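Asks: The following comprises the amino acid sequence and a computationally predicted model.
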Amino acid sequence: GAGVSQSPSNKVTEKGKDVELRCDPISGHTALYWYRQSLGQGLEFLIYFQGNSAPDKSGLPSDRFSAERTGGSVSTLTIQRTQQEDSAVYLCASSLAGGGPINEQFFGPGTRLTVL
Amino acid sequence: GENVEQHPSTLSVQEGDSAVIKCTYSDSASNYFPWYKQELGKRPQLIIDIRSNVGEKKDQRIAVTLNKTAKHFSLHITETQPEDSAVYFCAASKGRRDTGNQFYFGTGTSLTVIP
């Protein structure tokens, strides 16, 4: 079946602009995660969704970052007033469930964000 | 929060030799430890994982060991092949029902297998 998809694959924006990144998880996966991968760094956890609610937003780096999920499916990560340090690859992952027995997380291809 | 450290950052081995990557974690509540392989320009993919009630797990040429007391775990790749060249990430998760299974990743090891 279809895997996790993300759009756009690449986004170049000017400093100060807002951007929206989209994630389509695998159908039926109730848990959704956003991670950020900066050049030469590991993956940094941003936010976790179980259904449409976000029990853990602790990884969001500042109040310029927000995310929502609707219909228990598509999620959007919004970065307001982008800064150059926001440049990174933003990865989305989904799994069958968020709690209890741990399920494999399947990653999307990522969105490469470049802030000029 | 959880802090995962990974070493080495780069590793070069001759084809056929073994490769070992080591990770440590800080939170004793972590109970699930996956390893992901990321080829250049591709998404991370799970290659093996281990839960805290197991000390070792093997899948063909790859194996993972876990020492809960010392809070460290390692990835072992035997008989390395050029296609094993990639960046490998370890991760730790607490698997809590309330806050989810978010992964805390190490900074990655770039493995190069020299033919």
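Replies: That came in fine, so what should we check first?
Asks: I'd like the next helix or strand past the helix or strand hosting B:Lys37.
Replies: Assigned by DSSP states H and E, B:Lys37 falls within strand B:32-38. Next helix or strand after strand B:32-38 toward the C-terminus (DSSP H and E): strand B:45-51.
Asks: OK, contacts around B:Glu5?
Replies: Applying CB atoms under 8 Å, 6 or more residues apart in numbering or on different chains to B:Glu5 gives the contacts B:Cys23, B:Thr24, B:Tyr25, B:Gly106, B:Thr107. Yep, even glycine has a C-beta here, placed from its N, CA and C like the rest.
Asks: swap the cut-off to 7 Å and go again
Replies: Contacts for B:Glu5 (CB atoms under 7 Å, 6 or more residues apart in numbering or on different chains) come out as B:Cys23, B:Thr24, B:Gly106.
Asks: Tell me the residues of chain A that contact chain B?
Replies: Proximity of chain A to chain B (CB under 7 Å from any CB of the partner chain) is limited to residues A:31, A:33, A:41-43, A:45, A:48, A:50, A:55-56, A:95, A:98-100, A:102, A:104-105, A:107-110.
Asks: If any of those are buried, put those into a ChimeraX selection.
Replies: Restricted to buried positions by 16 or more other CB atoms under 10 Å in any protein chain shown, the ChimeraX selection for those reads:
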select /A:31,33,42,43,45,48,50,55,56,95,98,99,102,105,107,108,109,110
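Asks: which among the contacts of B:Glu5 gets closest to A:Ala88?
Replies: Taking CB to CB as the measure, A:Ala88 lies nearest B:Gly106 of the contacts of B:Glu5, at 16.9 Å.
Asks: Nearest residue to the closest one in space, please, no chain neighbours.
Replies: Spatially, and ignoring its direct neighbours in sequence, B:Gly106 is nearest to B:Gln6 (2.8 Å; CB to CB, 6 or more residues apart in numbering or on different chains).
Asks: Could you list the buried residues of the helix or strand containing that neighbour?
Replies: According to DSSP H and E, B:Gln6 maps onto strand B:4-7. Under the neighbour-count criterion of 16+ other CB under 10 Å, strand B:4-7 has B:Val4, B:Gln6 buried.
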